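Student: kindly generate the corresponding structure for this input.
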Amino acid sequence: MITGVHVIVFSSDAEKVREFFADVLSLPSADAGGGWLIFALPPAELAVHPAADGSRHELYLMCDDIHATLAELRRKGVEVARDVSDQGWGLLAAIRLPDGAELPIYQPRHPSPL
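Tutor: Next up, the predicted model:
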């Protein structure tokens, strides 16, 4: 029934963020017309957490080795916005997108459904 998930990242500097996903993260893409890139994503998971303050949605990148991944991203000029912290369920950090926004990244410890 469900064949995939389409994620939208809204940005005040969409072109630079698209370039970041293409050039720095090396995500393959297709041009949907007029340079509007649609990026392929690696396998994904979806979790539903309780929220007393209303619904919201969050996007996290996942990796197998957060320290190696952050080191590689730093070599590519990416700013690490939040250093690694142990959350119990995984090791969490954040990188800075070209528009100034933070994008969380983590190394999960929880079982994967894949």
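
Student: can you show me the helices along this protein?
Tutor: For the chain, applying DSSP state H gives helices covering 14-19, 66-75.

Student: so where's the protein uncertain?
Tutor: Scanning the chain for pLDDT under 70 picks out 114.

Student: quick one: residues contacting the residue nearest to the spatial centre of it.
Tutor: Taking C-alpha atoms, centre = their mean, the centroid of the chain lies closest to residue 61, which sits 3.2 Å from it. Residues in contact with residue 61, defined by C-beta atoms under 8 Å, 6 or more residues apart in numbering, are 95, 103-106. Backbone N, C-alpha and C define where each C-beta goes, glycine included.

Student: mind listing which of the residues you listed are in strands?
Tutor: 95, 103-106 (DSSP state E).

Student: how much space between residue 107 and residue 69?
Tutor: Residue 107 sits 8 Å away from residue 69, taking C-beta to C-beta, to the nearest Å as the criterion.

Student: intersection of neighbour lists for these two?
Tutor: Shared contacts of residue 107 and residue 69, defined by C-beta under 8 Å, 6+ apart, are found at residue 63.

Student: now, among the contacts of residue 61, which is nearest to residue 81?
Tutor: Using C-beta to C-beta, residue 95 is the member of those that sits closest to residue 81, with 6.0 Å.

Student: hmm, that closest one is touching residue 102, no?
Tutor: Yes - at 7.2 Å, residue 95 counts as touching residue 102 under the criterion of C-beta atoms under 8 Å.

Student: of the two, which one has the most company?
Tutor: Neighbour tally, residue 95 and residue 102, criterion other C-beta atoms under 10 Å: the higher count belongs to residue 95, 22 against 14.

Student: circling back to that earlier point, got JSON lines for the helices of the chain, with mean neighbour count too?
Tutor: Listed next are these as JSON lines, based on neighbours: other C-beta atoms under 10 Å:
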{"stretch": "helix 14-19", "mean neighbour count": "15"}
{"stretch": "helix 66-75", "mean neighbour count": "14"}
